[in-house]
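*Asks:* predicted model and sequence below, questions to follow.
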Amino acid sequence: MAAGKGTRMKSSRPKVLHNLAGRPLLQHVVQTTAQLQANRVIVITGHGAEQVESALASTAVTFVRQMPQLGTGHAVQQAAPSLHDNGITLILNGDVPLIEASTLKALVEACDGKRLALLSVLLEDPTGYGRILRHGDSNGNVFGIVEQRDGTPEQLRVNEAYTGVMAAPTRLLKHWLQELTPQNAQGEYYLTDVVKLAVAEGTPVVCAQASSETEVLGVNSPAQLSDLERRFQRRQADELMSAGVRLADPSRIDIRGTLHCGSDVEIDVNCVFEGQVSLASGVRIGPNCVIRQASIGGNTVIHAFTHIDGETSDVRIGEQAVVGPFARLRPGANLGNEVHIGNFVEVKNATLGTGSKANHLAYLGDTTMGERVNYGAGSITANYDGANKHRTLIGNDVHVGSNCVLVAPISLGDGATVGAGTTLSKDAPAGQLTVARAQQVSFGDWQRPSKKPKS
Ligand code: UD1
Ligand code: MG
C-alpha cells in the first residue's frame, strides 16, 4: 500500500518517496519482497501516483491505482481483482521500510492458506498504532484491532501494536473486503476491520511477533523518519565494527548504499558514503568526508573535508595515495598508486600516473598525466573552449610550475618543464624548459606616488 498522502509528514512529496539511507521508503519494501518468490507484487498508488510509479519504474511490480484514497481497506479492494483466489495475499505498508524477508516468510507460513496471520510487536510507546485486542489476558484469542483514534482509554493501554503487515487466504480476504464500512473516527475503510470479520466467521486469527522493533516501525512524521534512519545507520555501523572496521563514533557515520571494507580500515567522524564504495585494507578516512561511487586502494589516506563524487563515472584511487584535506574528486578521476592530491585541488575525468602530485589549488580536467609529475600550485587545465571539451596530455616526469594555464588540446612531452605563470597554448617539447610570459623589467628611476599634503 503506497497510495496514502502522508499528511503527518507535512510535505508535498508522497510519503513513501521520502528517503531512508538514500533510497525511497517504498523501494526498501519492494526490494525485500523480491526475496519472497511471490507470484506477483502489486503496488497500490494514489496520492502522487505518477511520481511513485516512475520512482519504481525499474522494478518488476504491477501498479494498481486507488482514486480517491478512502483508507487501507479501500486500497486493498482496488487490488482484489488482480489476486488469484487460491493463493495467499501478503499485505505490506509502504511506510514500514525495514521489514525483513525472514519475518514475512514466517507470517506466510503462519497463514498457511487457512488462517488470518497478523504481525504484531510489543512497543513501550505504541501511540499512533492500531492495538491488538485479545480476550482475557495477553495470551487470549485475538478478536480485533482498534485504531488509535477509535480506541477507548483502556484499549489504548494495550502495548501490542499491529505492524501493518498481514497474510490472508485470498478467497476469504476478498469476501471480507466487501463487508468493510467506514464507520469510524476517520470515516475510512480500515483494512484492520477484517480481523473482526474473520473472527465472526470462525476463521482462526494468529499473531506472529516481529523479531525486532526496528523492522516494524512505520514512518508517519519527520521525527519517526529520522529515528528510523539513525537505527538503520547504527545497525550498519555495528556490522562494520564487528567485521573489524574502526569507527571513531558509530553514531556519526551515514551509509546510503553499500560500503565494502578490507581489514584495518579506520573512519573518523561525520563521513557520508553513497552508492557503492569500497575501501581496501589499511585505508584511513579523515573526518567530514563525503564519498560516493568510489574504490580506494590499500593504505591510502583521505584527509578531512574531502569530497569524492563518482556519480556518473566511478572514482578510482590506487594504493598509498594521499588525498585532501579539502580535495574534490569528480566523476572519472582515476588516481594511480602514491598520487598526492592536496587542498583545494579539483580533478575531473583525469588519470594520474604513479607518484604524481598536485598539492595545492589546482584544476585537472580531461587530462591524462604520466608518472612522477609535479603539478604546481594554482595551475589549471583550460579544457573548455566555450563549446567543446579538449584533452591535455602530460608525459612522465613533467614539472608544471605554479599558476600555469594549459590551454587544451595540448600535450607536454616527457620530462618537460613549464615555467611558473606560463599560459601554454602550443605543445611543450620533451626535456625542455618552456616559458611564455612577459619579459621582466625594472625601472631604477621610478618613484612611488606619495600622498598630497593636506591643505
Ligand atoms: C496503519 C494501520 C495501523 C497500524 C499501522 C502500522 C489501518 C487502518 N491502520 O495505520 O493499525 O498500526 O498502519 O504502521 O490500516 N494507504 C493507502 N491508501 C489509503 C490509506 C493508506 O494506500 O487510502 C497506505 C499508505 O500509503 C501507507 C499505508 O497504507 O503506506 C498505511 O497508511 P497510514 O495512513 O500510514 O496508516 P497508519 O495510520 O499508520
Ligand atoms: Mg503509517
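*Replies:* Thanks, I have it. Ligands and ions are numbered 1, 2, ... in the order given.

*Asks:* buried residues in stretch 180-197, which are they?
*Replies:* By 16 or more other Cβ atoms under 10 Å, the buried positions in stretch 180-197 come out as 180, 184, 188-197. Where you see a C-beta, it was placed from the backbone N, CA and C, and this is true even at glycine.

*Asks:* oh, that last question was meant for stretch 21-41, not what I typed.
*Replies:* Neighbour-count burial for stretch 21-41, counted by 16+ other Cβ under 10 Å, picks out 21-22, 24-30, 32-33, 38, 41.

*Asks:* kindly export stretch 67-75 (C-alpha atoms) in CSV.
*Replies:* Taking C-alpha atoms only, stretch 67-75 is exported to CSV below (Å, rounded to 0.1, in the frame of the first residue of the first chain):
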residue,chain,number,x,y,z
MET,A,67,-8.5,7.1,-6.5
PRO,A,68,-9.6,8.6,-4.2
GLN,A,69,-7.8,7.3,-1.1
LEU,A,70,-10.5,6.1,1.3
GLY,A,71,-8.4,4.1,3.7
THR,A,72,-6.2,1.0,3.8
GLY,A,73,-9.2,-1.4,3.3
HIS,A,74,-10.3,0.6,0.3
ALA,A,75,-6.7,0.4,-1.0
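
*Asks:* close to ligand 1, is that stretch?
*Replies:* Yes: counting by Cβ under 6 Å from any ligand atom, ligand 1 has neighbours in stretch 67-75: 69-72, 74-75.

*Asks:* identify the residue of the stretch 201-350 of the chain closest to ligand 2, quick one.
*Replies:* Closest residue of the stretch 201-350 of the chain to ligand 2, Cβ to the ion: Gly218 (4.1 Å).

*Asks:* the buried residues of stretch 180-197 in helices, which ones?
*Replies:* By the criterion of DSSP state H, membership of the buried residues of stretch 180-197 in helices covers 194-197.

*Asks:* can I get those residues in JSON lines including pLDDT?
*Replies:* Shown next, in JSON lines, are these (pLDDT from 0 to 100):
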{"residue": "Val194", "pLDDT": "98"}
{"residue": "Val195", "pLDDT": "98"}
{"residue": "Lys196", "pLDDT": "97"}
{"residue": "Leu197", "pLDDT": "98"}
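
*Asks:* what residues does this protein have near ligand 2?
*Replies:* 95, 218, 220 (Cβ under 5 Å from the ion).

*Asks:* in CSV, list the residues you listed along with distance to Ala408 and pLDDT.
*Replies:* Listed next are these as CSV, based on distance: Cβ to Cβ, whole Å; pLDDT from 0 to 100:
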residue, distance to Ala408, pLDDT
Asp95, 51, 96
Gly218, 54, 93
Asn220, 54, 94
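
*Asks:* can you put those residues in JSON lines and add secondary structure and neighbour count?
*Replies:* Listed next are the residues of the chain next to ligand 2 as JSON lines, based on DSSP: H, G, I helix; E, B strand; the rest coil; neighbours: other Cβ atoms under 10 Å:
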{"residue": "Asp95", "secondary structure": "coil", "neighbour count": "24"}
{"residue": "Gly218", "secondary structure": "coil", "neighbour count": "19"}
{"residue": "Asn220", "secondary structure": "coil", "neighbour count": "17"}
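
*Asks:* residues from this protein in reach of ligand 1?
*Replies:* Neighbours of ligand 1 within the chain, by Cβ under 6 Å from any ligand atom: 1-4, 16, 44, 46, 66, 69-72, 74-75, 93-96, 129-130, 145, 147, 161-164, 190-192, 218, 220.

*Asks:* from the residues you listed, which land in helices?
*Replies:* Going by DSSP H, the helices hold 72, 74-75 from the residues of the chain next to ligand 1.

*Asks:* nearest to Ile380, of the residues you listed?
*Replies:* Ala75 (57.3 Å; Cβ to Cβ).

*Asks:* which residues sit in contact with the closest one?
*Replies:* 1, 3-4, 44, 46, 66, 69, 191 (Cβ atoms under 8 Å, 6 or more residues apart in numbering).

*Asks:* got the buried residues for the helix or strand Gln51 falls within?
*Replies:* Here Gln51 is covered by helix 49-55, with elements defined by DSSP states H and E. Of all the residues in helix 49-55, those buried under the rule 16+ other Cβ under 10 Å are 49, 52, 55.

*Asks:* which ones are touching the first one?
*Replies:* This points to Ala49. Applying Cβ under 8 Å, 6+ apart, we find Ala49 in contact with 3, 63, 65, 67.

*Asks:* repeat that for 10 Å
*Replies:* Neighbour list for Ala49: 2-3, 14, 43, 63-67 [criterion: Cβ atoms under 10 Å, 6 or more residues apart in numbering].

*Asks:* ok, now the last one?
*Replies:* Under the criterion of Cβ under 10 Å, 6+ apart, the contact partners of Ala55 comprise 2, 14, 16-17, 23-24, 26-27, 30, 48.

*Asks:* thanks a lot, see you next time.
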